[in-house]
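Participant: Structure of the sequence below:
(one chain, ligands or ions: 1)
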Amino acid sequence: MPKTRLRLVGALAAVLVAAGVTTGTPAQAHERPATLAELAHRHGRYFGSATDNPELTDTAYTSVLGSEFDMITPGNGMKWYATEPQQGVFDWTNGDEIVDLARANHQRVRAHTLVWHSQLPDWLTGRDWTADELRAVLKKHIQTEVRHYRGKVYSWDVVNEAFNEDGTYRDTIWYRTLGPGYIADALRWAHQADPHAKLYLNDYNIEAVGPKSDAYYRLAQELKAQRVPLDGVGLQAHLALQYGYPTTLEDNLRRFSRLGLDTALTEVDVRMILPATDEKLAQQADWYRDLTAACLAVRRCVGITVWDYTDKYSWIPAFFPGEGAALPYDEQLRPKPAYFAIRQALGGK
Ligand code: XIL
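Facilitator: Residues are numbered from 1 along each chain as shown. Sure thing, here's the model as predicted:
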């Protein structure tokens, strides 16, 4: 470079430094409060949020989504109805949009979900299948979708919500037609398609020790014994103030860890009967603090994902009429007591 240009560059740099314009100077890094992701990272954990395609046009929303979290789950975009709307015709539009956004924000992706009884396309639920036919349909769906996202996602919720509350197998199209072996098959097919993705079973109401989480514990033991590729168990943690806090959460996480499995809180929200009062919001904050502390206390609890971060886009009001206010940010995207409680549990200020 000619000398005059070099001098110009040097002068420009000096001006920028004086104006504090350069990024990543130590002084600036200290001024900005750490994000939930950064706080969690200090403990070797991630802090994630679900999101959904329609809300991605809301720039105030995407700004927080892109900065505060380091793991993203598509709330709907990777489900069967969205990805294989016609048999053998695959549509990656919605899943790709979220994976691309996550990548642009240097975030990882918890992919959700391959095998579930809900949000299936009509072509699948609208007719009878022999076991051989349905097994082929399931294998093709899993392998095509997992291959498409191979190398782009951290983990897969391979089977979602396979058990009833009493610990018996849920009577789904999969269980009815294929028997309980569909779970091991699904895990093996997913592993073949992406050997590096962490493979999870995921369910709700398995936060506490009880018949339903016992069923997962036994199944995980069996799958491990049979060398089936299972990496983790996801506890959705859709909690509700009126049903009480799952006080055995930490013990429960620990027993799965001892099997050599990762655990994660995958869909956290803490709903309440509306209207939200200061008292309920304070109790909600305590629960968020406690569940965060429980994950930090157990070595193989790898991270926490909230089922979207703001009450503006929560699924709760539509699915539990009269309930809501379940997330750490309110409908105006303002942090609630729960947000500060999570920070506190993560050791932030
Ligand atoms: C929910 C989505 O958030 C909604 O938008 C959709 O209408 C229904 O499904 N357990 C799960 C998630 O595993 O996939 C569900 O997500 C919430 C319950």
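Participant: So which residues of the stretch 1-150 of the chain form helices?
Facilitator: Listed in chain order, the helices of the stretch 1-150 of the chain (DSSP state H, counting those that start in this stretch) span 3-19, 26-31, 36-41, 59-68, 80-83, 93-104, 122-125, 131-148.
Participant: Any idea how many residues pack against residue 335?
Facilitator: Around residue 335 sit 16 other residues, with neighbours defined as other CB atoms under 10 Å. Any C-beta I mention is one placed from the backbone N, CA and C, and that applies to glycine too.
Participant: likewise residue 209?
Facilitator: 16.
Participant: what phi and what psi does the backbone show at it?
Facilitator: In terms of degrees, to the nearest 10, the main-chain angles of residue 209 are phi -70, psi 130.
Participant: which residues does it contact?
Facilitator: 248, 251, 252, 255 (CB atoms under 8 Å, 6 or more residues apart in numbering).
Participant: Leaving out the residues flanking it, which one is nearest to the second one?
Facilitator: The one in question is residue 251. In this structure, residue 251 finds its nearest non-sequential neighbour in residue 209, 6.1 Å apart by CB to CB, 6 or more residues apart in numbering.
Participant: in its sheet, what does the longest strand along the chain sit against?
Facilitator: Scanning the chain for the longest strand, with DSSP state E as the assignment, gives strand 262-273. Sheet pairing for strand 262-273, assigned by DSSP bridges, gives strand 232-235 (parallel), strand 238-240 (parallel), strand 301-306 (parallel), strand 323-324 (antiparallel).
Participant: I'd like the distance from residue 63 to residue 315, if you could.
Facilitator: 22 Å (CB to CB, to the nearest Å).
Participant: Looking at the two, which is more packed in?
Facilitator: With neighbours defined as other CB under 10 Å, residue 63 and residue 315 compare such that residue 315 has more, 19 against 11.
Participant: Which residues are in contact with the residue of the chain found nearest the ligand?
Facilitator: Ranked by CB to the nearest ligand atom, the top residue of the chain for proximity to the ligand is residue 315, at 3.6 Å. For residue 315, the contact set (CB under 8 Å, 6+ apart) comprises 75, 307, 308.
Participant: With residue 169 instead?
Facilitator: Going by CB under 8 Å, 6+ apart, the list of residues near residue 169 reads 162, 163, 175, 180.
Participant: Point out where this structure drops to low pLDDT.
Facilitator: Within the chain, the stretches with pLDDT under 70 are 1-30.
Participant: near the ligand, which residues of it?
Facilitator: Proximity of the chain to the ligand, by CB under 6 Å from any ligand atom, involves residues 75, 76, 160, 236, 267, 315.
Participant: quick one: which of those residues is nearest residue 127?
Facilitator: For these, the residue nearest residue 127 by CB to CB is residue 160; the value is 22.4 Å.
Participant: Got the domain ranges for the protein?
Facilitator: For the chain, automatic domain parsing gives the domain ranges 1-31, 34-345.
Participant: Please identify which of the strands paired with strand 262-273 is closest to residue 36.
Facilitator: Nearest to residue 36 among these is strand 301-306 (8.8 Å), distances taken as CB to CB.
Participant: Mind listing residues that contact that closest one?
Facilitator: With CB under 8 Å, 6+ apart, strand 301-306 has contacts from 40, 45-50, 71, 73, 110, 232, 253, 257, 262-269, 291-292, 294-295, 327-328.
Participant: picking that back up, need the winner for burial among the helices of the stretch 1-150 of the chain.
Facilitator: helix 36-41 (a mean of 21; mean count of other CB atoms under 10 Å).
Participant: Just the CA atoms from that helix would do, formatted as PDB, please.
Facilitator: The C-alpha coordinates for helix 36-41 follow below in PDB (Å, rounded to 0.1, in the frame of the first residue of the first chain):
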ATOM      1  CA  LEU A  36     -29.100 -15.000  28.600                       C
ATOM      2  CA  ALA A  37     -27.100 -16.900  26.100                       C
ATOM      3  CA  GLU A  38     -23.800 -15.400  27.300                       C
ATOM      4  CA  LEU A  39     -24.700 -16.100  31.000                       C
ATOM      5  CA  ALA A  40     -25.700 -19.700  30.200                       C
ATOM      6  CA  HIS A  41     -22.500 -20.100  28.200                       C
END
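Participant: Surely residue 188 touches residue 228?
Facilitator: Yes. Using CB atoms under 8 Å, residue 188 makes contact with residue 228 at a distance of 6.5 Å.
Participant: show me the residues around residue 212 that make contact.
Facilitator: Taking CB under 8 Å, 6+ apart, one finds 163, 164, 165, 166, 167, 203, 205, 206 in contact with residue 212.
Participant: Residue 129: how many residues sit nearby?
Facilitator: 16.
Participant: now swap in residue 299 and tell me
Facilitator: 12.
Participant: Excluding sequence neighbours, find me the nearest residue to it.
Facilitator: In space, residue 299 is closest to residue 257, 6.1 Å off (CB to CB, 6+ apart).
Participant: That neighbour: helix or strand, and which one exactly?
Facilitator: Assigned by DSSP states H and E, residue 257 belongs to helix 249-258.
Participant: which helices and strands does that helix pack with?
Facilitator: Packing contacts for helix 249-258, counted by 3 or more CB pairs under 8 Å, 6 or more residues apart in numbering; DSSP states H and E, involve helix 211-225, strand 232-235, strand 262-273, helix 278-297.
Participant: Many thanks, have a good one.
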